[in-house]
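Asks: compute the structure for the input listed below.
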Amino acid sequence: MAPFYILGGVLAAWALIVTALGIMSKDFPGSKTGERAVNGISVVLVAAAIAAAILTAASEEEEPGGEAHATEAAEEAAGEGGAQAPADAEEGETPAGAAPEATEEPADGQALEISADPGGSFAYTVNDLEASAGPVEIVMDNPSPVPHNVAIDGGGVDEKGEIVGEGEKSTVTADLEPGEYAFYCSVPGHRQGGMEGTLTVE
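Replies: Residues are numbered from 1 along each chain as shown. As a prediction, this is how the structure comes out:
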């Protein structure tokens, strides 16, 4: 088995262990030393998984003939089946049955997009957001195997989005006045582990 898959499994197991500990103990990781240890191990595992992915991709590229065989197989299948694209299909048209791209904007206010760290660390990919006063929506994509959400706190506001799993989105909306707010993950232990940022409203 490729090292990438082994390290990926170890990283996912580590993330689930840390999440379970965070749920069972409100004080987890309990001290600055414990927090540094958890973050350090997470960083090492993520770096190792990335390095393994690069090495695996490089070794796959060195294998000759794979792409050529795939092309030949596709040509043979097309020749035997005689399948062709519809003649009336114009460039830029949406194929039948395909979902159109989402182009709708929020009815009012503004939408801000963020993402959880894909490696499973307790972090977002951004630490600072800015918005104008009024209705504000934050949409968080979760590419991580660890459940996360997004919430807004401060100035009398305490709104939480749904906790979602890998590949899902969590959304939180609030009517905000000028000031500083925190956006964070409300899963027990995640905010304490560093999964938060600052939202500045002007």
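
Asks: which stretches in this structure count as helices?
Replies: For the chain, applying DSSP state H gives helices covering 3-24, 32-62, 66-81.

Asks: check the gap between residue 123 and residue 46 for me.
Replies: Noted for residue 123: a distance of 10 Å to residue 46, by CB to CB, to the nearest Å. Just so you know, the C-beta spots here come from the backbone N, C-alpha and C atoms, and that holds for glycine as well.

Asks: quick one: least confident helix or strand in this structure?
Replies: Using mean pLDDT, DSSP states H and E, helix 66-81 stands out as the lowest-scoring helix or strand of the chain, at a mean of 49.

Asks: give me phi/psi at residue 190?
Replies: phi -80, psi -40 (degrees, to the nearest 10).

Asks: quick one: contacts for it?
Replies: Residue 190 makes contact with 19, 22, 122, 148, 184 under the criterion CB atoms under 8 Å, 6 or more residues apart in numbering.

Asks: could the residues you listed go into JSON lines alongside pLDDT?
Replies: Output for the contacts of residue 190, formatted as JSON lines (pLDDT from 0 to 100):
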{"residue": "19", "pLDDT": "75"}
{"residue": "22", "pLDDT": "72"}
{"residue": "122", "pLDDT": "95"}
{"residue": "148", "pLDDT": "96"}
{"residue": "184", "pLDDT": "97"}
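
Asks: which one of these has the most neighbours?
Replies: residue 148 (29 neighbours; other CB atoms under 10 Å).

Asks: in space, what's closest to it - neighbours in sequence excluded?
Replies: Closest residue to residue 148 apart from its sequence neighbours, by CB to CB, 6 or more residues apart in numbering: residue 116 at 4.5 Å.

Asks: and the pLDDT at that neighbour?
Replies: pLDDT for residue 116: 96.

Asks: okay, and the beta partners of it?
Replies: With DSSP bridges as the criterion, residue 116 is bridged to residue 124.

Asks: tell me how this structure divides into domains.
Replies: 3-68, 110-201 (automatic domain parsing).

Asks: comparing those domains, which yields the minimum mean pLDDT?
Replies: Among the domains of the chain, domain 3-68 scores lowest, at a mean of 71.
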